[in-house]
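Enquirer: What shape does this take:
(3 chains)
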Amino acid sequence: MDLHDMLTILEQRSGRQLSQEQLDVITHETGPLWVIAGPGSGKTEVLVIRCLKLACADFVEPRAIILTTFTDKAAKNIQDRLANYKAYLDQADPSLRSVDLSQIRVGTLHSLCNDIMQEYRYRGYQNYRLLDEIDQLLFTYEHSGLAASRPPQTLHLPLWRTFDYLVSRFNRVTGYSWSRTKNYLPHRWLRTNAAKVLFNRIVEDRIDVNQLRAQGGVLTTLAGEYQSYAHSLESNLCCDFAHLQLKFLEFLDSPSGVRFINGDDTSEHPGIHHVLVDEYQDTNPIQEEIYLRLAGREPYNLCVVGDDDQALYRFRGGTVECMVNFDDACHRAFSDDVEVIPQPLSTNYRSHPNVVDWCDEYIRSFSVMIAEGARVAGKPNLSADPNWHQNREAEGAVLGDYPSVCFLTGQDERQVAENFANTVQNLLSDGTVSDPSQCVLLIKSTRENSVGLYQAALHDRYIPVYNPRSRTLLDQVEVQAALGGLVSILDPNRTGLSQLRERGIRDIINSWLASFSQVVQNNPALEDYIARATERISQTAANQTVTQMATQPTEFPATLQEVYYHMISFEPFATWELDAERTVRMATLSKVLESYCSVPFPNSFGSTRGSLRTDRTAPGQINTGQLNHFYQSLVGLLVSEGLNDPEDEEVICPPGRLPIMTVHQAKGLEFPFVFVAKVGIQQIKIGAELQLEDALRPFRVSVVPSPFTTQQRAEQDYIRFFYVAYSRAQYALVLLGHARELARQGIGFGGYGRRWFEQHVQRVN
DNA sequence: CTGGGTGCAGTTTTT
DNA sequence: CTGCACCCAG
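Expert: Take a look at the predicted model:
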């Protein structure tokens, strides 16, 4: 199909004309393409159309195109759009039907690494178990020397004092916090978590472990511990997300990897001709290396799209420098002669012109943001779509003169929350918005203690809330009752429980038991099951495997999972299963239980935590070690991590509810009315992710010094954080802050101080 | 506006 | 167990 025809059809269908900037990106022929896309500039649309152009106008083999995104959700969204647009094109030109766009490799880099290595049966990735975050934590808890129950203290104490920023925080498990002044090690779960962060970072930042090892002192210890962790992963045929990418780099060096990139003139292996990357500002060093390798053949068709002002994932190794210095990277990896010119997409089609102006002036009001090296050199200002009003009215919106960027205050946070809820209620009652889901409250933490006041204020006005990331799954009755039931069976006399020293673990188990005893009162069948299960264990001799209840003719070993599934077949669990939300919560719990039971543990290959045994000396009681492990490991994990409610993959927010979201959750989304809370943050602390980045930077395979001090980068991160929040708004942006926050002129108010802020923003109460 | 005493609450995100 | 936020005195 002719490119011109194709664009005409797509423009007719979408009712929107592509801008010259967008056309430049879509029609770019060969070589690296560096797209600096501001918020709301239609970057995903452009990426999708460029893909269509490659496959349907240039007839690039779909299998030779790789398109990566940051999340699975975004990948699915792109696949849907590709299929939709392709259907239009097929109508116009039936000969295109033979072009199968589902062959384009669309996904997160992680999922593509996994799929491609499976497809090519890469030896180094055959029969490996891919560990998710929970699995990785349990694995590290069991296998890493850093997380051992009794590690060599003289060696490890200095290490934890060096990396104290990873462990000196409040520990929910023990109920107190560790600091470097202590002469004992941090709690095992704190060390586990920190070990996970360290190991992931070593891989993602491409740290030269041998060089680290040669440093002496704690860094030598760290290098050794990393190597033994990596070795344990291998010997147990496990692979975490970070090593998935490392293995992929190894794969690319293997013969089949070379065939994957270069192709072999068959349609099965066309080679890689185009690599397109979305959200490139959040790419980390190992991912950058993968992309440069994938596109490493002339003419180096690597297209990266992102916004250096929206980098949000430093904790995951995300490095804005990859985006800012993409030209240098291309010259280093490809050739000095390659032309790499930044292509801006600088018109914002999403937001009211006032919101666009506010966002643009906000980001440029900070000296650390306009300094050289903070953003892509020569980045143009974000500009509003001159037809915004006209287009919205054509869509049926009634726009008057209203405060499109404004702030709400109150004496204290409670009053702010009340005013916020009143505003939402007014918007609903005067018909400005037809559904609460057209608003969103953005805030750093969506945990109960941060958003409680806002939730309560909405609740009082009968406005339902959607907040799946509140880490409150463990507060739900069905989850608590199930866990309480398990404890009742495993530890009927609470002897194991009474010996626990960790307050956090004891408290949570007691709360589960309390929930369970409430539930069991009205459900005699459940009570009876618990009694029978307890009885069975109590009749088992010492040091024996407990066998399943004789519901079947043959008795077989009982496992934790079986007891759990058996138990939840009784009321009230059976009725609860009719409720979709409760069912998915229980599924989340089941998954954690399965993980706990199936993560391999050292020195006993093939055995599982799940099969119940009696104690070596005490007949009729669950093995003390097993019970203790259940408490320390599984319950400890639940206490230290918390669990989120499962989320619907398709729906952003169910209708009828007002979403409360973290800024990360809202990334890439847009809402008619955006409320941003706690805008007055003043103290900019250097977070653990930044300190670790600095500590490991000298050992990177390719050391790229940052032109900014650590403190400056911390500030930039905060500024970008609010920039992402602010740029979500379509019709109106409302900043929330109480009197004291306003007096303080925190970073969310802009870098020129309060007077500047008040010139740009209207007060509405 | 500063300084010290008291009291409460406790990071955040993704694969 | 810390650290910060807040309050009141100077």
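
Enquirer: Point me to the residue of chain A nearest DNA strand C.
Expert: A:Tyr176 (3.4 Å; C-beta to the nearest atom of the strand). C-betas here are computed from N, CA, C, even on glycine.

Enquirer: Please tell me the pLDDT value assigned to the residue nearest to that residue when sequence neighbours are not counted.
Expert: When the adjacent residues along the chain are set aside, A:Tyr176 lies closest to A:Phe170, with 7.5 Å between them (C-beta to C-beta, 6 or more residues apart in numbering). With respect to pLDDT, A:Phe170 has a value of 88.

Enquirer: Run a quick neighbour tally on A:Phe170.
Expert: Neighbour count for A:Phe170, taken as other C-beta atoms under 10 Å: 10.

Enquirer: Same question for the one 5 residues further on.
Expert: When counting by other C-beta under 10 Å, one arrives at 14 neighbours for A:Gly175.

Enquirer: Same question for the one 5 residues further on.
Expert: Other residues near A:Arg180 come to 16 when the count uses other C-beta under 10 Å.

Enquirer: Does it touch A:Ser168 like I think?
Expert: Yes: using C-beta atoms under 8 Å, A:Arg180 is in contact with A:Ser168, at 6.6 Å.

Enquirer: Would you mind giving both backbone torsions of the residue of chain A closest to DNA strand C?
Expert: phi -140, psi 180 (degrees, to the nearest 10).

Enquirer: do you know how far it is from DNA strand B?
Expert: To DNA strand B, A:Tyr176 is 7 Å away according to C-beta to the nearest atom of the strand, to the nearest Å.

Enquirer: Please tell me the pLDDT value assigned to that residue.
Expert: 86.

Enquirer: Count the residues that sit near it.
Expert: 11.

Enquirer: Distance-wise, check it relative to A:Glu502.
Expert: Separation of A:Tyr176 from A:Glu502 (C-beta to C-beta, to the nearest Å): 10 Å.

Enquirer: before we move on, what about A:Thr583?
Expert: Relative to A:Glu502, and taking C-beta to C-beta, A:Thr583 is found at 31 Å.

Enquirer: out of those two, which sits in the busier spot?
Expert: A:Glu502 (21 against 14).

Enquirer: Check whether the more buried one really touches A:Gly636, as I assumed.
Expert: Yes: between A:Glu502 and A:Gly636 a contact is recorded at 7.1 Å, counting by C-beta under 8 Å.

Enquirer: Show me the common contact partners of these two, please.
Expert: Common contacts of A:Glu502 and A:Gly636, defined by C-beta atoms under 8 Å, 6 or more residues apart in numbering, comprise A:Val173.

Enquirer: Name the single longest strand found in chain A.
Expert: strand A:729-736 (DSSP state E).

Enquirer: From the contact counts, what lies against that one?
Expert: Using 3 or more C-beta pairs under 8 Å, 6 or more residues apart in numbering; DSSP states H and E, the elements in contact with strand A:729-736 are helix A:353-364, strand A:405-408, helix A:413-429, strand A:671-676.

Enquirer: Tell me the helix or strand right after the longest one.
Expert: Right, helix A:413-429. Downstream of helix A:413-429, the next assigned helix or strand under DSSP states H and E is strand A:439-442.

Enquirer: Can you report how many residues neighbour A:Ile568?
Expert: Neighbours of A:Ile568 using other C-beta under 10 Å come to 20.

Enquirer: Just to check, it is in contact with A:Ala482?
Expert: Yes: under the contact definition of C-beta under 8 Å, A:Ile568 touches A:Ala482, with a separation of 5.9 Å.

Enquirer: tell me, what's touching these two both at once?
Expert: In contact with both A:Ile568 and A:Ala482: A:Met586, using C-beta under 8 Å, 6+ apart.

Enquirer: show me where the stretch 151-300 of chain A has helices.
Expert: Along the stretch 151-300 of chain A, the stretches classed as helices by DSSP state H, counting those that start in this stretch are A:153-162, A:164-167, A:188-204, A:209-213, A:217-235, A:241-253, A:255-262, A:285-294.

Enquirer: any idea which of those helices is most buried?
Expert: helix A:188-204 (a mean of 23; mean count of other C-beta atoms under 10 Å).

Enquirer: Mind giving me the packing neighbours of that one?
Expert: helix A:133-143, helix A:164-167, helix A:217-235, helix A:241-253, helix A:285-294, helix A:636-641, helix A:688-696.

Enquirer: Give me every residue in chain A lying close to DNA strand C.
Expert: Contact residues (C-beta under 7 Å from any atom of the strand) of chain A with DNA strand C: A:170, A:175-177, A:179, A:181-182, A:682-683, A:685, A:740.

Enquirer: Inside strands: which ones of these?
Expert: Among those, no member falls in strands (DSSP E).

Enquirer: My read is that A:Leu634 contacts A:Tyr596, right?
Expert: Yes: counting by C-beta under 8 Å, A:Leu634 does reach A:Tyr596; the two are 4.6 Å apart.

Enquirer: ok, and the helix or strand in chain A with the lowest average confidence?
Expert: helix A:739-744 (a mean of 76; mean pLDDT, DSSP states H and E).

Enquirer: chain center to that helix, what's the gap?
Expert: Helix A:739-744 sits 32 Å away from the centroid of its parent chain (C-alpha atoms, centre = their mean, to the nearest Å).

Enquirer: Residues in contact with the following helix or strand past that helix: which ones?
Expert: Per DSSP H and E, the first helix or strand lying C-terminal to helix A:739-744 is helix A:754-760. Residues from elsewhere that reach helix A:754-760 (C-beta under 8 Å, 6+ apart): A:357-358, A:361-362, A:365, A:405, A:742, A:745, A:749-750.

Enquirer: And for stretch A:419-436?
Expert: So stretch A:419-436 is contacted by A:408-410, A:439, A:441, A:454, A:457-458, A:460-461, A:463-464, A:655-658, A:672-673, A:675, A:677, A:734, A:736, A:764-765 (C-beta under 8 Å, 6+ apart).

Enquirer: Could you tell me which of those count as buried?
Expert: Neighbour-count burial (16 or more other C-beta atoms under 10 Å) is assigned, among those, to A:408-410, A:439, A:441, A:454, A:457-458, A:463, A:657-658, A:672-673, A:675, A:677, A:734, A:736.

Enquirer: Please identify the residues of chain A in proximity to DNA strand B?
Expert: A:70-73, A:108, A:110-111, A:132-133, A:169-170, A:172, A:175-177, A:241-242, A:313, A:315-316, A:444-447, A:449-450, A:469, A:471, A:662, A:664-665, A:687-689.

Enquirer: Could I have the buried ones of the residues you listed as PyMOL selection syntax?
Expert: Buried residues among the residues of chain A next to DNA strand B (16+ other C-beta under 10 Å), as a PyMOL selection:
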select buried, chain A and resi 70+73+108+110+111+169+172+241+242+313+315+316+444+446+447+450+469+471+662+664+665+687+688+689
